[in-house]
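Enquirer: quick one: sequence plus predicted model below, questions after.
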Amino acid sequence: MKGTVAVTGVTGFIGRHIVNELLAQDFTVQALTRRVQNDAVDNLWWVPGDLADRDSLNELVSGADYVIHCAGQVRGHAEEIFTHCNVTGSINLMQAARQSGNCKRFLFISSLAARHPTLSWYANSKHVAEQQLLTLASDMALGIFRPTAVYGPGDKELKPLFNGLLRGMLPRLGAPEAKLSFLHVSDLAKAASQWLLADLPQTDTYELCDGVSGGYNWQRLRDIGATVRQGPVRLVRIPLPLLKLLAEISTMCSRLTKQEPMLTRSKINELTHCDWSASNQCLSQHINWSPKVSLEHALREGLF
């Protein structure tokens with residue numbers, strides 16, 4: 001065994017893939033869950049609770065050599081919803097890890113959005129969480145991963161965009177020259193396990209993307225879609241007033257369904273930001289990691 005990893009967000013899209021990678025690498029996993037899990041998997045132990053439950057967090061990190069913090073709030077109609085989970089929850093987990101006296105490394109799955117905290121409630125909550133963790137980490141090795149838009153099996157956010165692209169329709173948000181970037185979830189999971197196994201992990205902040213220099217613009221996405229589907233793709237501009245109207249409708253519907261909305265006026269600033277390009281240089285230098293799955297390959301093989 002390579003050690004025990006305490007993981008949050010295991011039932012989410014990214015967390016599931018990271019846990020599968022850890023188990024494949026012969027780690028033991030202690031996983032926090034708010035719902036009873038009946039899955040019986042070798043070397044996977046479920047710990048009931050959430051990020052607000054200090055007793056559960058103490059149990060989660062007990063005996064753990066490492067922590068990977070994947071849990072995060074991505075939907076919400078108010079800033080305090082993001083702060084409660086992404087900031088306060090992260091602080092609670094770091095405090096438990098430090099008090100355990102056993103944890104050597106702490107990996108926080110943040111977001112590229114944290115690079116621009118003024119854009120949205122979500123972006124700010126991730127940025128503040130990063131700063132708080134850096135303050136609390138002390139002599140513990142802290143890795144902060146800032147992945148760009150992550151996609152892959154189980155993703156619900158980018159899948160409709162890619163399905164539309166392969167059917168010949170690509171909605172454009174923001175300026176035509178805006179820079180976008182993507183990362184397949186399998187590459188993110190591999191980076192997480194490699195960081196834990198690195199000989200000399202450094203406390204640092206790392207961007208992650210699929211390695212395409214300068215990222216993608218909307219025209220390039222259209223060209224990739226046209227190549228893969230062997231047919232034309234229509235690029236359809238979504239005007240900002242329409243996007244704001246959709247955000248208002250989404251927020252109102254959330255009050256009826258009692259589910260937090262993804263599209264809000266706060267989120268629009270992220271979606272229409274002009275530069276989401278990223279660089280893997282820092283992480284590649286520190287742990288010799290490089291992405292393996294290109295967007296075109298994923299679209300051809302249905303890996304989304």
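Expert: Happy to help now that I have it.

Enquirer: so residue 45, which of the three states?
Expert: Three-state call for residue 45 (DSSP: H, G, I helix; E, B strand; the rest coil): strand.

Enquirer: for it, give the beta-bridge partners.
Expert: Beta-bridge partners recorded for residue 45 (DSSP bridges): residue 30.

Enquirer: can you give me the strands for this protein?
Expert: Secondary structure of the chain (DSSP state E): strands located at 4-8, 28-33, 44-48, 66-69, 105-109, 141-147, 149-151, 169-172, 182-184, 204-208, 234-237.

Enquirer: so how many other residues sit close to residue 84?
Expert: By other C-beta atoms under 10 Å, 16 other residues sit near residue 84. Just so you know, the C-beta spots here come from the backbone N, C-alpha and C atoms, and that holds for glycine as well.

Enquirer: surely it touches residue 76?
Expert: No - using C-beta atoms under 8 Å as the test, residue 84 is too far from residue 76 to be in contact (9.2 Å).

Enquirer: switch the strands of the chain over to JSON lines; also include distance to residue 260.
Expert: Converted to JSON lines, these look like this (distance: least, C-beta to C-beta, whole Å):
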{"stretch": "strand 4-8", "distance to residue 260": "18"}
{"stretch": "strand 28-33", "distance to residue 260": "19"}
{"stretch": "strand 44-48", "distance to residue 260": "22"}
{"stretch": "strand 66-69", "distance to residue 260": "20"}
{"stretch": "strand 105-109", "distance to residue 260": "19"}
{"stretch": "strand 141-147", "distance to residue 260": "21"}
{"stretch": "strand 149-151", "distance to residue 260": "19"}
{"stretch": "strand 169-172", "distance to residue 260": "23"}
{"stretch": "strand 182-184", "distance to residue 260": "24"}
{"stretch": "strand 204-208", "distance to residue 260": "26"}
{"stretch": "strand 234-237", "distance to residue 260": "27"}
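
Enquirer: out of these, deepest packed?
Expert: Greatest average neighbour count among the strands of the chain goes to strand 66-69 (a mean of 28), per mean count of other C-beta atoms under 10 Å.

Enquirer: which strands and helices sit next to that one?
Expert: Packing contacts for strand 66-69, counted by 3 or more C-beta pairs under 8 Å, 6 or more residues apart in numbering; DSSP states H and E, involve strand 4-8, helix 89-100, strand 105-109, helix 185-197.

Enquirer: what does it rub up against?
Expert: Strand 66-69 is contacted by residues 3-9, 18, 22, 61, 90, 93, 97, 103-109, 192, 196 when judged by C-beta atoms under 8 Å, 6 or more residues apart in numbering.

Enquirer: how does it look with 7 Å?
Expert: The contact list for strand 66-69 (C-beta atoms under 7 Å, 6 or more residues apart in numbering) reads 3, 5-8, 18, 61, 90, 93, 97, 103-109, 192, 196.

Enquirer: quick check: residue 289 touching residue 194?
Expert: Yes - Residue 289 lies in contact with residue 194 (C-beta atoms under 7 Å); the separation is 5.1 Å.

Enquirer: so which of these two has more stuff around it?
Expert: residue 289 (20 against 16).

Enquirer: how far out from the middle of the chain is stretch 78-97?
Expert: Relative to its parent chain, stretch 78-97 has a centroid offset of 16 Å by C-alpha atoms, centre = their mean, to the nearest Å.

Enquirer: picking that back up, mind checking which of the strands of the chain is nearest residue 250?
Expert: Taking C-beta to C-beta, strand 169-172 is the member of the strands of the chain nearest to residue 250, at 15.3 Å.

Enquirer: correct me, but residue 224 touches residue 296?
Expert: Yes - using C-beta under 7 Å, residue 224 is in contact with residue 296, at 5.2 Å.

Enquirer: who's more crowded, these two?
Expert: residue 224 (19 against 15).

Enquirer: how much space between that one and residue 107?
Expert: Counting by C-beta to C-beta, to the nearest Å, the gap from residue 224 to residue 107 is 31 Å.

Enquirer: out of the helices and strands packed on strand 66-69, flag the one nearest residue 130.
Expert: strand 105-109 (6.9 Å).

Enquirer: avg pLDDT for that closest one?
Expert: Average pLDDT, strand 105-109: 98.

Enquirer: repeat that for stretch 195-206.
Expert: Regarding stretch 195-206, the rounded mean pLDDT is 90.

Enquirer: gap between the two ends of that stretch?
Expert: For stretch 195-206, the first and last residues are 11 Å from each other (C-alpha to C-alpha, to the nearest Å).

Enquirer: what pLDDT does the residue of the chain positioned farthest from its centre get?
Expert: Most distant from the centre of the chain: residue 231, at 31.9 Å, with distances by C-alpha atoms, centre = their mean. We have a pLDDT of 98 for residue 231.

Enquirer: ok, and the closest non-adjacent residue to it?
Expert: Ranked by C-beta to C-beta, 6 or more residues apart in numbering and with sequence neighbours excluded, the top spatial neighbour of residue 231 is residue 168, at 6.1 Å.
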